[in-house]
Structure formats: C-alpha cells, structure tokens
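how would this look folded up:
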Amino acid sequence: MTGRAAGRRTRWWALLGAAATLTAAPAAYGVLVLGGDGSATQDPAPEGRSASPDAVVGAGVAEDLDDLLWSPADVLGSALDTCGSVAVMADPDRPLEVVVPAEDRVVVPRVDAPRGFGDEVDAARWTTAGGCVPTTSGPVVVVEAQRTTDDLGEPGPKLVAGFTDEGDQLWVREERPTVFGSYEGRGAFVLEDADRRRWTIVDARTGDTIAAGSPRRHQPTVPVTTELVGDLGGGLVRYPQSRQVGDIATAIAQVDDDRIIATDVDGIGVVRIDGLEREWGRHDLAPSVLWDEVADLSTGVAVLFDYRSGIRGVDLRTGKDRWKADVRRDDVNGLEMQVGSGVVVFRTSSGGEQVVLDSATGERLRPRGTVVADQDLLLLVAASGTRAVTVDELR
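This next block holds a predicted model:
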C-alpha cells in the first residue's frame, strides 16, 4: 500500500452498503465537472455560498480515532487503503471513512453530482467504494459512487470524485456503470471498463483524462507520475504520447517522487525518474514479487522478497544488504505487504494473521493487535480500539 494497508499498494475498494449519513451535509458548490474532451471544469458557487464542499460528520460517524470501530478483519480484508499519512476504509457496513491519525481526524466525504446530472447522490439509493492516491500536493481520496438498481443486468449510473483529506471535493466526473478504479501508483490512477475493455488514466488532483485506450497496444498498471506509467507488458510508457520509454524494467516499485525500484532480466536497482538513470544495481537478487511500494523512507530500506534467499532489507542509497529476516518465505503471503514508519508487515500464508518486522533491523515484532502502516502512518487495531503507535510499542 504506498503503503497500502492490506497489501499496498494493491489499492483495495469495497462496496459500501450503509452510508446513512451521506445526506446529512449541506449542498456543496465549486464542483469540478468533466467535459466531453476529458477536461474538468469548475462550477462557480452561487453568491453567498461556500465553494468548498463539506464532509459529513453526524450521528453514527466517527470523528476521531477513539470513535473508530475497526476490527482486525477490516484491516486484513479488502476494505482498507492507505497513502502516506491517510487511511481510507471502505467497509460495506459503514460510511467510507478517511482517517488522518496525525490530526486525530475522521471525515466522511460526500459526493456532489455535477450540474445537470439530474440526480442527487443519497445514501438510500447509492453505494460507494474508494481508494487513495499520493500526489506531489498531498493525498487525494477517490470515491466511486454508484446508484443501486433492482436489475442486476442494468447497473445504475456511476460518479467518480476526488477529495482532499479534509473532505473537500476537488472534481467529479460521470463514468459508465461498468468502470472501476485501480489506485496503485502516484499522481494518477487507472479506470478500467470491463464491459468495453477500455482503460483511462486520470490525473488524481484535477480529474482530467491524461490518456485512454485499449489493451491492444498498452495496458497501464502503476502510474509513476502523471505522465510516466508502468505497463503490464513491461517497461514504462509516457503519456499522453503513448510512447515506450526504453526497456528498463519488467516490474517497478515506488520509492518516492524522484525514484523507483526496477527489475529486469539482469537483476534489480534504483532508477531516477528524471533521465531514467540507475543509481545502483544488483545482479545477485531475483525478487519473486515486487510490490508497487517496497521502501521505508524513515529507515532508508527497501524490502525485497528474493525467491532464493527469502526476505531481505537493502539499503536504498547503496544497494547493500542491511538485514535478512529470520522468517521463512513460505510462511508469509508474498503478494501482500505494507511498509513505512519503521515497519514492514506481511500477512501469513493462511491469511488470518500478520508477520511484522522492524524495517531498520529485520527484527520480528510482536504487536498485540493488527498493524496498519504507511510512510507517515502507524496504527494498531485491537479489541480496545484503534490508536497511533510507535515501533517501540510493537516490540
């Protein structure tokens, strides 16, 4: 999860069936509306009204960490996504929650339909899903809202909207009912239409379309920036030109806004995004899995899942080994990892528990609860509640 909590960076979303407080907020204005050319424009606020959309806080909605009703199953399931300092919980049994632990704040974004849409997004007839995208201007929460229908063969209309972590709506765009989002990467995200086999890359901050196409030529996976995107076929593609940029990688992982980790047939190394030049490379490592984020910036370590030697911590600056974990590779799920704030978190192979390591040393930690981690986010979810913690409190 740029960290993504239940596996980051696969960005996870879940249908939200009980969003009973979404209608509690007053109508909001200043909404960005997608035009026919894929650009987003802003509706002006009526005179005397605020141009900043509201987030919902009301009965039954958590306002701070003490109010959160998270369980280990929520964290280990597919409802939680994180980016940087923000966690997004899209549990089917509660309103979508945006949690900012550093400010002890929880908000529930309200999706306001574009002008002329002809319908209002209300809790009785609409469900929501969501994810979170880190950008150079801070995290953007993306909410997918879809109207329910009685006919499963005719899904209702769908809106996709972007919000600040304070719940202010930045933009909204109408999409086909069969479109769903994938929120790995930075700066942008990918919408895929399963019915028409089409994809669209969207700027997370503005809601504008960067590029669109079909899998016949390219299949974007993980945006590195708003212009440079990893491709399912390997390597990087620059958009909107749809131009292959060298052949530097078969897989990529985010480090920060300036660097990625890339693998190819010769090994693995850190590559600067500007110029795509390697800072270092190693030919003796062969990661069997490369998540979309592998680096803990607080400790300067990249965590690699080497199929020959198990779990290793590698120095981000030099590429040299820092530690090798005393954990068998087969004991953890190699497809799901969280990293950041001094820890690396795996799910066990059985899926019901976690293996938590100190990212600086590889030491096995023994938290009394379930851990959520990202670069500026470390939470412990336990029977007593959800709270922000330090690495030392997990020993």
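
in the stretch 51-200 of the chain, which spans are strands?
Under the criterion DSSP state E, counting those that start in this stretch, the stretch 51-200 of the chain contains strands at 55-56, 80-83, 86-89, 97-100, 105-109, 126-133, 140-147, 158-163, 169-175, 179-182, 188-193, 198-203.

so which of those is nearest Met337?
Nearest to Met337 among the strands of the stretch 51-200 of the chain is strand 80-83 (12.1 Å), distances taken as C-beta to C-beta. C-betas here are computed from N, CA, C, even on glycine.

for the strands of the stretch 51-200 of the chain, give me JSON lines that also has mean neighbour count.
Output for these, formatted as JSON lines (neighbours: other C-beta atoms under 10 Å):
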{"stretch": "strand 55-56", "mean neighbour count": "22"}
{"stretch": "strand 80-83", "mean neighbour count": "32"}
{"stretch": "strand 86-89", "mean neighbour count": "28"}
{"stretch": "strand 97-100", "mean neighbour count": "24"}
{"stretch": "strand 105-109", "mean neighbour count": "25"}
{"stretch": "strand 126-133", "mean neighbour count": "25"}
{"stretch": "strand 140-147", "mean neighbour count": "25"}
{"stretch": "strand 158-163", "mean neighbour count": "25"}
{"stretch": "strand 169-175", "mean neighbour count": "22"}
{"stretch": "strand 179-182", "mean neighbour count": "19"}
{"stretch": "strand 188-193", "mean neighbour count": "22"}
{"stretch": "strand 198-203", "mean neighbour count": "22"}
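
for Ala373, which of those strands is the nearest?
That would be strand 80-83 among the strands of the stretch 51-200 of the chain, by C-beta to C-beta, at 7.7 Å.

how far out from the middle of the chain is the closest one?
Distance of strand 80-83 from its chain centroid, counting by C-alpha atoms, centre = their mean, to the nearest Å, is 5 Å.

and it, what does it pack against?
In terms of contacts (3 or more C-beta pairs under 8 Å, 6 or more residues apart in numbering; DSSP states H and E), strand 80-83 is packed against strand 86-89, strand 126-133, strand 370-374.

hmm, 10 Å instead?
Judged by 3 or more C-beta pairs under 10 Å, 6 or more residues apart in numbering; DSSP states H and E, the packing partners of strand 80-83 are strand 86-89, strand 97-100, strand 126-133, strand 140-147, strand 332-340, strand 370-374, strand 377-382.

adjacent strands (with direction) for the second one?
Here strand 97-100 is paired, per DSSP bridges, with strand 86-89 (antiparallel), strand 105-109 (antiparallel).

ok, which of these comes nearest Glu192?
strand 86-89 (19.4 Å).

going by mean pLDDT, which of the helices and strands packed on strand 80-83 comes out lowest?
The stretch with the lowest mean pLDDT among these is strand 332-340, at a mean of 87.

mind checking what helix or strand follows it in sequence?
Heading C-terminal from strand 332-340, the first helix or strand you meet, by DSSP states H and E, is strand 343-348.

about what we covered before: just tell me which of the helices and strands packed on strand 80-83 ends up closest to Asp315.
Here strand 332-340 is closest among the helices and strands packed on strand 80-83 (C-beta to C-beta), at 14.7 Å.
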